[in-house]
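> curious how this folds, go ahead:
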Amino acid sequence: MSDLNTRHGDTSAVITGGAQGVGLAIARQLVAEGCRKLMLAGRDREKGEKAVAELAAMGADAGFTAIDLQDVEACLALIDAAISRFGAVNALVNAAALGARGTLTDTTPELWDRMFDTNARAPFFLMQGFVKHRQAEGGGGAIVNILSQCVHCGQSYLAPYSASKGALATLTKNVANAYRFDKIRCNAILPGWMDTPGEDITQRRYHGATDGWLERAEANQPMGQLCKPHELAGLASYLLSAQAGVMTGALIDYDQNIAGSYPE
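Just a heads-up that it's a prediction; the model follows:
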């Protein structure tokens, strides 16, 4: 078994949503475990450059690409840019997502399209570019998609979001099945309510949250906290590593509330 500090010594990764939250937490974890080649992607160049500086201080050759995930050509170009910089890429993390609100009755066609273009179509074409590259390299490699507990249902105001994440769940299994003989693994993590910068913005924008909302929310959780990105990152790192063995096509619930449970 490889040492945890070096098990990603040969990893070259692309991480969307890599400038903050879950994506950045996974990037930090990979670098802590030996990864020295990372291409982060996100919308905010200033945040991206700050993340790159942090990872560089940890010893990594990190780059950032500002990207609109609704642009298919930009998604494919992201994989090409990483290959051009590092020579090869063998890990892909789809962590970026649009979390706007919408119910069945008030969701517009425009919101539906933006949700699916960002949360399902973008990962599809990022995986397409990644898999084609890995096949050209003789196979191997790992993908981790960050989904949501909303895959199981989701609140009424998350109808298009839940649908888009459900699409990515099916796609995760489809990709895992299609390319297992190429030794390309594809798994997903389904986190529950998470403590991220994006969630703070969402709570304030859509739910009228005020200062202290996080502490109040955590006080009502079974384990006294929301899901933490740095804790989830350890699981993502494992799934991307050789230590995960033949594990592929898994949809891993990551929450303290159990899907399918009911009040006693």
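> quick check: buried residues in stretch 66-77?
Using 16 or more other Cβ atoms under 10 Å as the test for burial, stretch 66-77 gives 67, 69, 74, 75, 76. Every C-beta, even on glycine, is put in place using the N, C-alpha and C of the backbone.
> other residues contacting that stretch?
Applying Cβ atoms under 8 Å, 6 or more residues apart in numbering, the contact partners of stretch 66-77 are 16, 41-45, 48, 78, 96, 114, 117-118, 121-122, 125-126, 128-129.
> inside helices: which ones of these?
45, 48, 78, 114, 122, 125, 126, 128, 129 (DSSP state H).
> hmm, which two among those residues are most spread apart?
45 and 128 (25.4 Å; Cβ to Cβ).
> those two: who's more crowded?
Higher neighbour count among residue 45 and residue 128: residue 128, with 15 against 12, using other Cβ atoms under 10 Å.
> could you check the pLDDT of the nearest residue to that one once chain neighbours are set aside?
Distances taken as Cβ to Cβ, 6 or more residues apart in numbering place residue 76 nearest to residue 128, at 7.4 Å, with adjacent residues excluded. As predicted, residue 76 sits at a pLDDT of 97.
> for PyMOL, write the selection for the buried entries among the ones in helices among the contacts of stretch 66-77.
Burial among the ones in helices among the contacts of stretch 66-77 is assessed by 16+ other Cβ under 10 Å; the matching PyMOL selection reads:
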select buried, resi 48+78+114+122+125+126+129
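> so what's the spatially most central residue of the chain up against?
The C-alpha lying nearest the average C-alpha coordinate of the chain belongs to residue 95 (Cα atoms, centre = their mean; 1.9 Å). Taking Cβ under 8 Å, 6+ apart, we find residue 95 in contact with 15, 16, 17, 18, 21, 22, 23, 26, 146.
> which one of those residues is nearest to residue 83?
residue 15 (14.8 Å).
> and what about the spatially closest residue to the closest one that is not a sequence neighbour, helix, strand or coil?
Using Cβ to Cβ, 6+ apart and skipping residues adjacent in sequence, the residue nearest residue 15 is residue 93, 4.4 Å away. Here residue 93 is recorded as strand under DSSP: H, G, I helix; E, B strand; the rest coil.
> pLDDT score for residue 93?
Model confidence at residue 93 (pLDDT) stands at 98.
> how about it, what does it touch?
By Cβ under 8 Å, 6+ apart, the neighbours of residue 93 are 13-16, 18, 23, 26, 143-146, 236, 240.
> pretty sure residue 257 is touching residue 191, no?
No. Taking Cβ atoms under 8 Å as the definition, residue 257 is not a contact partner of residue 191, at 11.2 Å.
> higher neighbour count, these two?
Between residue 257 and residue 191, residue 191 has the larger neighbour count (other Cβ under 10 Å), namely 23 against 12.
> my guess is that one contacts residue 255, does it?
Yes. At 6.5 Å, residue 191 counts as touching residue 255 under the criterion of Cβ under 8 Å.
> can you pull the residues that touch both of those two?
With Cβ under 8 Å, 6+ apart as the test, residue 191 and residue 255 both reach 149, 227.
> pLDDT averaged over stretch 197-207, what's the number?
84.
> next one: that stretch to chain centre, how far?
Relative to its chain's centre, stretch 197-207 lies at 19 Å (Cα atoms, centre = their mean, to the nearest Å).
> and the contacts of it?
With Cβ under 8 Å, 6+ apart, stretch 197-207 has contacts from 20, 21, 99, 101, 157, 193, 209, 210, 213, 214, 226.
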